[in-house]
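[1] Fold the stuff below for me.
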Amino acid sequence: MSAVVRAELQRITQAGRGGHNAAVFTAARALGQLVGAGALDHATAAADLTRAAGHIVAGRCDCTVRDIAATIASGLAYGARRPRRLPAPVEQPERAAGRRSA
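    Model prediction:
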């Protein structure tokens with residue numbers, strides 16, 4: 001799991017009462033940008049976000065499972081419409097050399 005994904009999931013796990021919805025949406029939006037860029041699978045992102053938000057519904061929050069699922073879906077969709085621009089992968093010199101000699 002990338003550092004970006006871990007940081008966004010941590011945002012959710014550390015969100016205090018009253019800040020859950022914003023934390024879930026913000027994290028889902030960020031991961032949605034990675035989904036839109038093709039760097040992260042949508043189903044994996046949704047499952048990770050749902051798992052990270054499990055404490056919210058189990059805790060003293062008024063959020064329901066349905067509320068959390070809707071926020072995650074909305075955030076992922078919003079982010080996917082605005083994909084993150086990722087740098088092109090850097091080719092390793094040994095791979096490039098191997099292709100030239102073939």
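
[2] Quick check, pLDDT for the residue lying closest to Val57 once chain neighbours are set aside.
    Leaving aside its sequence neighbours, Val57 sits nearest to Val65 (C-beta to C-beta, 6 or more residues apart in numbering; 5.3 Å). Heads up, the C-betas are built off the backbone N, CA and C, glycines and all. The score at Val65 is 90. That number is its pLDDT.

[3] So Val65 versus Ala46, what's the distance?
    13 Å (C-beta to C-beta, to the nearest Å).

[4] These two: which has the busier surroundings?
    The neighbour comparison of Val65 against Ala46 (other C-beta atoms under 10 Å) goes to Ala46, with 19 against 13.

[5] wait, doesn't that one sit right on Ser74?
    No - at 11.5 Å, Ala46 and Ser74 do not qualify as touching, with contact defined as C-beta atoms under 8 Å.

[6] where does the residue nearest in space to the middle of the chain land in three-state SS?
    For the chain, the residue nearest the mean C-alpha position is Leu31 (2.5 Å; C-alpha atoms, centre = their mean). Secondary structure, DSSP: H, G, I helix; E, B strand; the rest coil: Leu31 is helix.

[7] so where's the chain uncertain?
    Scanning the chain for pLDDT under 70 picks out 1, 89, 92-102.

[8] With adjacent residues omitted, what lies nearest to the residue nearest to the centre of the chain?
    Nearest non-adjacent residue to Leu31, counting by C-beta to C-beta, 6+ apart: Ala45, 4.3 Å away.

[9] Identify all contacting residues around the host helix or strand of Ala22.
    For Ala22, the host element (DSSP states H and E) is helix 20-36. With contacts defined as C-beta atoms under 8 Å, 6 or more residues apart in numbering, helix 20-36 is touched by 4-5, 8-9, 11-12, 14-15, 40-42, 45, 48-49, 52-53, 56, 61, 63, 67-68, 71-84.

[10] Please apply the same query to stretch 73-89.
    Applying C-beta under 8 Å, 6+ apart, the set of residues contacting stretch 73-89 from outside is 24-39, 42, 45-46, 49.
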